[in-house]
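1. Need coordinates for the following:
(chains A and B)
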Amino acid sequence: MTALSWGRRYLMCRPEHFEVLYEINPWMHAEVRPDPDRALAQHERLMATLRDAGAQIELEDPAEGLPDLVFTANAGVVNGGQFVPAHFRHPERQGETPHDIAWFQSHGWRVDRLPGDVVHEGAGDALPFDPEGGEGPVLVSGYRMRSDAASHTHLSRLTGAPVRSVELVDERLYHLDLTFCPLDNRRAMVAPLGLDPYGRKVLKALVPEPLVLEDEEALSFAANSVVVGTNIVMPACPPRVGRQLEAWGFSVAVAPVDEFQKAGGGCRCLTLALDVVLSDLGRELLPA
Amino acid sequence: MERAGHEVSEVVEVEGHIIDSLILAKVLDLVLAAGCDYETLDVDIGKSNRDVSRARIRIDAPDEATMSNLLVELQAHGANRVDQGDARTVAADADGVLPAGFYSTTNLPTWVRLGGHWVPVANPEMDCGLLVGPVGPDGQPVVRTVPMHRVRAGDRIVVGSEGVRVEPLERRRHGAHFEFMNSEVSSEKPKGLVVSQVAARIREVKARPPAAPGANGPGNRVLAVVGPALIHTGAGPDLARLVREGWIDVLFAGNGFATHDIESNVLGTSLGVSVGLGTPAEGGHANHLRVINEVRRRGSIAQAVESGWLTGGVMYECVRHQVPFVLGGSIRDDGPLPDTKANVVEAADAMRELLPGLGAALILASTLHAIATGNLLPAWVETYCVDINQAVVTKLADRGSHQALGIVTDVGLFVRELAEALCGPAPGDSGGGGPRGSALTGPARGPHGGPEEVSQAPAAVGWTQTGEARP
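-> Residues are numbered from 1 along each chain as shown, chains lettered A, B, ... in the order given. Just a heads-up that it's a prediction; the model follows:
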């Protein structure tokens, strides 16, 4: 097996304005407010854990009135030197996009936008898998909950990457990154609970050795983990999952982020991998 | 080539990595599962795994309804009906008249295809035309709904349905929060639960950040649309509290509501019946006329407040807290109050001005204004229609306000409990259903039944998800 070619550099955003102000997924309850100090401490610890795992962290400035800007995974899709910003489904989050675009532009990315009539919520709904012996990375992308199926064709044309569209069917697992977590070029965590039968088949065909998550394991956000080489930073590690990951040679570190789970996000949601390359186009756009 | 038994035929196109993603297989399975038939017209399979594939499929359905349900479902998987050219526009030839064949709108989010791009309609409203305006800052023309009377000669109006797309209400948006809407009418629902759920929704709406100007979605403002029964049932003080404490941002009513609200605060009666005692007051039949007369003498409700003559009630709180209101007139109005807009077309226009940024609407014991408001609201505004008479709710739905949730109960009790849920127990409230002391001004009043409109029947609470089931 070969480790993931990406996952060593992340964009994050400190939770200085993080709150639960609205309810756009079943985990959010406006009356269950996160503790701001605990959220900051958990975020610090997640950053430290990621750095210990070998990752480099870039920070985006927080912005008042945009509580979910901390969930950088949804900012957009990174392809080498190309950035395709998200088009959020909910008006509550649409204000994040100009901030994200400004960050990427000022850091040298070329910004290519999806057409205005489709929605897509970035890396939260799009994760690459580069199968052993395949023709390069395939972008697995979720649809129905937060992204449109029609957005996938545009995303593929913009990035030059083939897309596998999978329908998400459980509103608790509303983004792909709660259902699917690539581990290397043979393995990934997969939660059938979140997928329709066609999506399960698609992932079965793509991933030679899936770690199939039980429903309880999926609902503990086990798939919302950050993979840095052979280190995996998880919001929680169900024992069976931990044993399998260790048997495969991974080291697991748990970084509790339960304050963010009140908003429906785990470790992966709080990070956006900046070193993903999906195609020759993205590679050519990288600074020399 | 129509097939026997299949009346309707459409061609859909789906493109993308539809083979490896099994999308094509799923689309064809869905066609068959819907009781329809298909023929693949052409399939263009990408040469490498990076190339997208495309398929055009002819679908035959037994009837229009099956076809339209199937097309909505297929759209979710990226399969769209073909022949989506640009929308056609025609210049209006006279003021106040739409061109023949104009596209008649719904209140759902709507998109219009122009120059190959889908442009969102800024302010969905039913029963209007679509006006294509000048090019906006984003390089796209601005498209907005236009009521017939506001059309001006030369306006570019969309004709036909080609190039117009309507988004169905999102199936699973809000999921758990809206689950309580999905049950059928039942008198066995605990009313307290229903009130607390509506209160929770209102809190959530108010907690949202304000909608950006021109935003294509719900904001954080709450509208109350109210009828005079609310005053007759003694709930005026409770609504006044909701206004005073900032839960209501806009108020729509008629001449009668404002008159009885003022009458009950100045004279202690509503339509001549003592709000405190439930008995007709001596000479009370003329009370509302005397009140209208005094407001007319002062020039407006605001001036009646400023002069110190009106010192409490819903209209008083609206003036004090700068909550904008529209009083729409009708032919049977007494007076009317100087604030009442007797020209109903102007009244509806004034209501339109106050719609941007609304997130929720509470329609309380009002039929005329309920329908009028339902006609104006975009479907994304959560609408709660509270009435003792289920016919109002049904009527609202029959006229296309599918987002309206009906609550069949006594409005007086409902508003009182809602005020308690949002503002805490009423000051001086002993907790029971008995008369309570003056919370605001004037005489003691209690939630006794007032005149004829008020039902003494136990509050049957029913939830009706009106209109068609969501797709």
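2. Could you give the number of residues near B:Met126?
-> The number of residues packed near B:Met126 is 19, by other CB atoms under 10 Å in any protein chain shown. C-betas here are computed from N, CA, C, even on glycine.
3. Can you read off the pLDDT for it?
-> If you check B:Met126, the pLDDT there is 91.
4. With B:Val185 instead?
-> What the model reports for B:Val185 is a pLDDT of 40.
5. wait, what's in contact with the residue of the stretch 251-400 of chain B found nearest chain A?
-> Using CB to the nearest CB, the closest approach of the stretch 251-400 of chain B to chain A is made by B:Trp380 at 9.1 Å. By CB atoms under 8 Å, 6 or more residues apart in numbering or on different chains, the contact list for B:Trp380 reads B:109, B:124, B:217-218, B:403.
6. Among those residues, which ones lie close to chain A?
-> B:217-218 (CB under 8 Å from any CB of the partner chain).
7. For B:Val14, what is the enclosing helix or strand?
-> Following DSSP states H and E, one finds B:Val14 within strand B:8-16.
8. err, A:Met12, not the other one
-> With DSSP H and E as the criterion, A:Met12 is inside strand A:9-13.
9. Which helix or strand lies directly C-terminal to the longest helix along chain A?
-> Among the segments of chain A that qualify as a helix by DSSP state H, the longest is helix A:36-52. Going down the chain from helix A:36-52, the next helix or strand is strand A:56-60, by DSSP H and E.
10. what's the burial count for the closest residue to chain A within the stretch 1-150 of chain B?
-> Of all residues in the stretch 1-150 of chain B, the one sitting closest to chain A is B:Gly78 (3.4 Å; CB to the nearest CB). With neighbours defined by other CB under 10 Å, the count for B:Gly78 comes to 24.
11. Look at it and report its pLDDT.
-> B:Gly78 carries a pLDDT score of 90 in this model.
12. one step back: report the backbone C-alpha coordinates of the longest helix of chain A in CSV.
-> The C-alpha coordinates for helix A:36-52 follow below in CSV (Å, rounded to 0.1, in the frame of the first residue of the first chain):
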residue,chain,number,x,y,z
PRO,A,36,-16.4,29.2,23.7
ASP,A,37,-13.4,28.5,25.9
ARG,A,38,-13.7,24.8,25.6
ALA,A,39,-14.1,25.1,21.8
LEU,A,40,-10.9,27.2,21.6
ALA,A,41,-9.1,24.8,23.8
GLN,A,42,-10.2,21.8,21.7
HIS,A,43,-9.3,23.6,18.5
GLU,A,44,-5.8,24.4,19.9
ARG,A,45,-5.4,20.7,20.9
LEU,A,46,-6.5,19.5,17.4
MET,A,47,-4.0,21.8,15.8
ALA,A,48,-1.2,20.5,18.2
THR,A,49,-2.2,16.9,17.5
LEU,A,50,-2.1,17.5,13.7
ARG,A,51,1.3,19.2,14.0
ASP,A,52,2.6,16.2,16.1
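13. I'd like the distance from that helix to the chain centre, please.
-> Relative to its chain's centre, helix A:36-52 lies at 18 Å (CA atoms, centre = their mean, to the nearest Å).
14. List the buried residues in it.
-> Within helix A:36-52, the residues scored as buried using 16 or more other CB atoms under 10 Å in any protein chain shown are A:39, A:42-43, A:46-47, A:49-50.
15. Could you do stretch A:62-74 as well?
-> Applying 16+ other CB under 10 Å to stretch A:62-74 flags A:62, A:66-74 as buried.
16. pull the CA atoms of it into CSV?
-> C-alpha atoms of stretch A:62-74 as CSV (Å, rounded to 0.1, in the frame of the first residue of the first chain):
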residue,chain,number,x,y,z
PRO,A,62,-12.2,34.3,11.7
ALA,A,63,-15.1,36.6,10.9
GLU,A,64,-17.9,37.8,13.1
GLY,A,65,-21.4,36.6,12.1
LEU,A,66,-19.9,33.6,10.3
PRO,A,67,-19.9,31.0,13.0
ASP,A,68,-19.3,28.0,10.7
LEU,A,69,-16.3,29.5,9.0
VAL,A,70,-14.4,27.2,11.4
PHE,A,71,-15.5,24.3,9.2
THR,A,72,-12.9,25.0,6.5
ALA,A,73,-13.6,21.7,4.8
ASN,A,74,-16.6,23.3,3.2
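17. neighbouring contacts of it?
-> Counting by CB under 8 Å, 6+ apart, A:10-21, A:43, A:60, A:86, A:88, A:92-93, A:95-96, A:99-100, A:121-125, A:175, A:177, A:260, A:263, A:265, A:268-272, B:209 sit against stretch A:62-74.
18. ok, residue 281 - contacts?
-> The chain I'm using is chain A. Per CB under 8 Å, 6+ apart, neighbours of A:Leu281: A:79-80, A:82, A:159-160.
19. should've been chain B
-> By CB under 8 Å, 6+ apart, the contact set of B:Ala281 is B:267-269, B:272-274, B:287.
20. For the helix or strand bottoming out on mean pLDDT in chain A, give me every contacting residue.
-> Every helix and strand of chain A was ranked by mean pLDDT, DSSP states H and E. The lowest is helix A:91-94, at a mean of 92. Residues outside helix A:91-94 that contact it (CB under 8 Å, 6+ apart) are A:21-22, A:24, A:66, A:68, A:74, A:88, B:208-209, B:211-212, B:215-218.
21. Tell me where chain A is predicted with low confidence.
-> Of all residues in chain A, none has pLDDT under 70.
22. Which residue lies nearest the spatial centre of it?
-> The residue lying closest to the centre of chain A (CA atoms, centre = their mean) is A:Gly124, at 3.8 Å.
23. Which of the three states applies to that residue?
-> helix (DSSP: H, G, I helix; E, B strand; the rest coil).
24. picking that back up, quick check: buried residues in the least confident helix or strand of chain A?
-> So helix A:91-94, judged by 16+ other CB under 10 Å, has buried residues A:91-94.
25. Run the chain-centre distance for the next helix or strand after it.
-> Scanning forward in sequence from helix A:91-94 by DSSP H and E, the next helix or strand is helix A:96-106. What separates the centre of helix A:96-106 from the centre of its chain is 18 Å, taken as CA atoms, centre = their mean.
26. now stretch A:249-259
-> Computed by CA atoms, centre = their mean, the separation of stretch A:249-259 from the middle of its chain amounts to 15 Å.
27. what distance separates the start and the end of it?
-> One end of stretch A:249-259 to the other measures 30 Å (CA to CA, to the nearest Å).
28. one step back: what's the most distant pair in the contacts of B:Trp380?
-> Maximum pairwise distance among the contacts of B:Trp380 (CB to CB): 13.0 Å, between B:Gly217 and B:Gln403.
29. neighbour count winner among the two?
-> B:Gln403 (23 against 18).
30. Secondary structure and distance to B:Ala419 for the buried residues of stretch A:62-74 - can I get that in a markdown table?
-> Shown next, in a markdown table, are the buried residues of stretch A:62-74 (DSSP: H, G, I helix; E, B strand; the rest coil; distance: CB to CB, whole Å):
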| residue | secondary structure | distance to B:Ala419 |
| --- | --- | --- |
| A:Pro62 | coil | 37 |
| A:Leu66 | coil | 33 |
| A:Pro67 | helix | 29 |
| A:Asp68 | helix | 32 |
| A:Leu69 | helix | 36 |
| A:Val70 | helix | 36 |
| A:Phe71 | coil | 36 |
| A:Thr72 | helix | 42 |
| A:Ala73 | helix | 42 |
| A:Asn74 | helix | 38 |
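31. quick one: contacts for the residue lying closest to A:Ser279 once chain neighbours are set aside?
-> Leaving aside its chain neighbours, A:Ser279 sits nearest to A:Gly160 (3.5 Å; criterion: CB to CB, 6 or more residues apart in numbering or on different chains). With contact taken as CB under 8 Å, 6+ apart, A:Gly160 is in contact with A:79, A:278-282, B:50.
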